[in-house]
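Student: this one's sequence-less:
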């Protein structure tokens with residue numbers, strides 16, 4: 001195992017899963033944007049329902065996040081300043097790119113579309129769930145994919161607050177806090193944003209943390225068992241959930257896509273895993289966050305331009321839109337990672353942690 005510049009482990013199989021999760025979400029959203037572009041142009045095209053399964057990439061991300069937090073903190077547990085170290089690394093990793101993309105999208109909408117209200121924008125920058133008027137009151141920020149970051153930042157805050165001298169005690173504390181929150185959400189009519197934050201999805205982080213403990217205990221599974229786990233995960237993911245999105249029942253999502261995320265993660269980390277071109281998979285994992293943040297703004301811009309010029313649209317146009325925006329998102333993610341995310345992250349870490357810089 002090696003480490004990234006931001007202190008995260010670069011287990012090749014985890015990097016591969018990061019990229020797969022980002023790519024699945026990318027394909028899922030490309031189909032949605034393409035479909036509604038067709039609706040605007042008066043074209044009804046068939047929707048491949050299996051692409052809705054790309055939404056499971058989010059659940060896989062949550063499992064990976066829980067796993068990575070424990071693994072990356074393993075050398076730091078019990079040390080002086082561990083809590084500060086963790087928070088600095090998380091903030092530097094998540095905040096700069098997301099803020100830049102959010103403000104860029106808001107500026108675009110102020111000129112070419114309906115801008116989000118000030119409360120929604122400020123709430124997004126603070127990672128506080130808030131209903132967005134331009135999204136029919138749904139609990140999403142201006143970059144709609146950013147709703148997942150509201151869960152991520154909650155998890156990071158709990159992890160830092162529950163940080164103990166060892167991995168096991170930390171995992172137990174965080175897991176208990178998440179479980180109590182979900183229980184409160186199930187039993188009480190909580191107001192927002194508490195109702196949002198107590199969604200059963202947050203337990204997906206706990207599963208990832210538990211797998212990190214199993215991984216560090218030295219547990220390794222034979223290949224047939226891991227293949228069976230991966231097969232079971234696909235069986236849980238692939239049924240057509242298109243009719244359930246975006247209102248996928250919370251517990252059903254946890255028990256299908258959430259469990260699938262744990263199974264895929266376990267199948268890849270609990271045993272040897274050889275990938276061709278490991279350097280490319282590492283790179284794919286490295287750019288996955290940038291791809292995740294930039295893809296919806298890029299698709300919105302392309303969709304707006306297409307609608308403005310009233311370019312012809314049909315099956316071929318849909319294919320061009322989907323492949324073009326997906327490829328563009330990957331390129332944009334690479335550019336942002338190399339020339340914004342990495343240099344800004346290095347500078348901020350040097351400022352916040354001068355001794356380690």
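Tutor: Right, received. Where do you want to start? Everything numeric here is computed off the predicted structure, so don't read it as measured data.

Student: did I read that right, residue 283 in a helix?
Tutor: Yes - assessed with DSSP: H, G, I helix; E, B strand; the rest coil, residue 283 lies in a helix.

Student: how far away is it from residue 54?
Tutor: Going from residue 283 to residue 54 by CB to CB, to the nearest Å gives 21 Å. The way it works is simple: take the backbone N, C-alpha and C, and place the C-beta from them, glycine included.

Student: The two: which is more packed in?
Tutor: Using other CB atoms under 10 Å as the criterion, residue 283 and residue 54 rank with residue 54 on top: 21 against 16.

Student: what sits against that one?
Tutor: Taking CB atoms under 8 Å, 6 or more residues apart in numbering, we find residue 54 in contact with 24, 25, 26, 27, 28, 29, 31.

Student: Show the subsequent helix or strand relative to the helix or strand hosting residue 38.
Tutor: If you go by DSSP states H and E, residue 38 is part of helix 12-40. Later in the chain than helix 12-40, the nearest helix or strand by DSSP H and E is helix 56-73.

Student: count of neighbours near residue 284?
Tutor: As a burial measure, residue 284 scores 22 neighbours (other CB under 10 Å).

Student: In space, what's closest to it - neighbours in sequence excluded?
Tutor: Excluding its sequence neighbours, the residue lying closest to residue 284 (CB to CB, 6 or more residues apart in numbering) is residue 19, at 3.2 Å.

Student: What is the burial count for that neighbour?
Tutor: There are 21 residues near residue 19, going by other CB under 10 Å.

Student: Let me know the distance separating it from residue 26.
Tutor: Taking CB to CB, one finds residue 19 at 10 Å from residue 26.

Student: want to try JSON lines for the contacts of residue 54, with neighbour count, pLDDT and distance to residue 50 as columns?
Tutor: Rendered in JSON lines, the data for the contacts of residue 54 read as follows (neighbours: other CB atoms under 10 Å; pLDDT from 0 to 100; distance: CB to CB, whole Å):
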{"residue": "24", "neighbour count": "20", "pLDDT": "96", "distance to residue 50": "11"}
{"residue": "25", "neighbour count": "24", "pLDDT": "97", "distance to residue 50": "14"}
{"residue": "26", "neighbour count": "25", "pLDDT": "97", "distance to residue 50": "15"}
{"residue": "27", "neighbour count": "19", "pLDDT": "96", "distance to residue 50": "10"}
{"residue": "28", "neighbour count": "19", "pLDDT": "94", "distance to residue 50": "10"}
{"residue": "29", "neighbour count": "24", "pLDDT": "96", "distance to residue 50": "15"}
{"residue": "31", "neighbour count": "23", "pLDDT": "93", "distance to residue 50": "10"}
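
Student: Nearest to residue 257 among those?
Tutor: Using CB to CB, residue 24 comes nearest to residue 257 of those, at 10.6 Å.

Student: how many neighbours does the closest residue to that closest one other than its chain neighbours have?
Tutor: Leaving aside its chain neighbours, residue 24 sits nearest to residue 57 (3.6 Å; criterion: CB to CB, 6+ apart). By the criterion of other CB under 10 Å, residue 57 has 26 neighbours.

Student: Can you pull out the low-pLDDT segments for the stretch 1-150 of the chain?
Tutor: Along the stretch 1-150 of the chain, the model assigns pLDDT under 70 to residues 1-10.

Student: which residues of the stretch 151-300 of the chain score low on pLDDT?
Tutor: For the stretch 151-300 of the chain, applying pLDDT under 70 flags the ranges 240-248.

Student: Okay, helices next: where are they in it?
Tutor: 167-187, 194-197, 203-216, 223-237, 250-253, 259-269, 278-309 (DSSP state H, counting those that start in this stretch).

Student: Using TSV, lay out these together with distance to residue 327.
Tutor: Below are these laid out as TSV (distance: least, CB to CB, whole Å):
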stretch	distance to residue 327
helix 167-187	37
helix 194-197	33
helix 203-216	30
helix 223-237	24
helix 250-253	29
helix 259-269	25
helix 278-309	10
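
Student: out of these, which comes closest to residue 97?
Tutor: helix 278-309 (5.6 Å).

Student: orientation of the helix or strand just after that closest one relative to helix 12-40 in degrees?
Tutor: Note on helix 278-309: by DSSP H and E, the next helix or strand toward the C-terminus is helix 315-336. Per axes from the mean of the first three to the mean of the last three CA atoms, to 10 degrees, the angle that helix 315-336 makes with helix 12-40 is 140 degrees.
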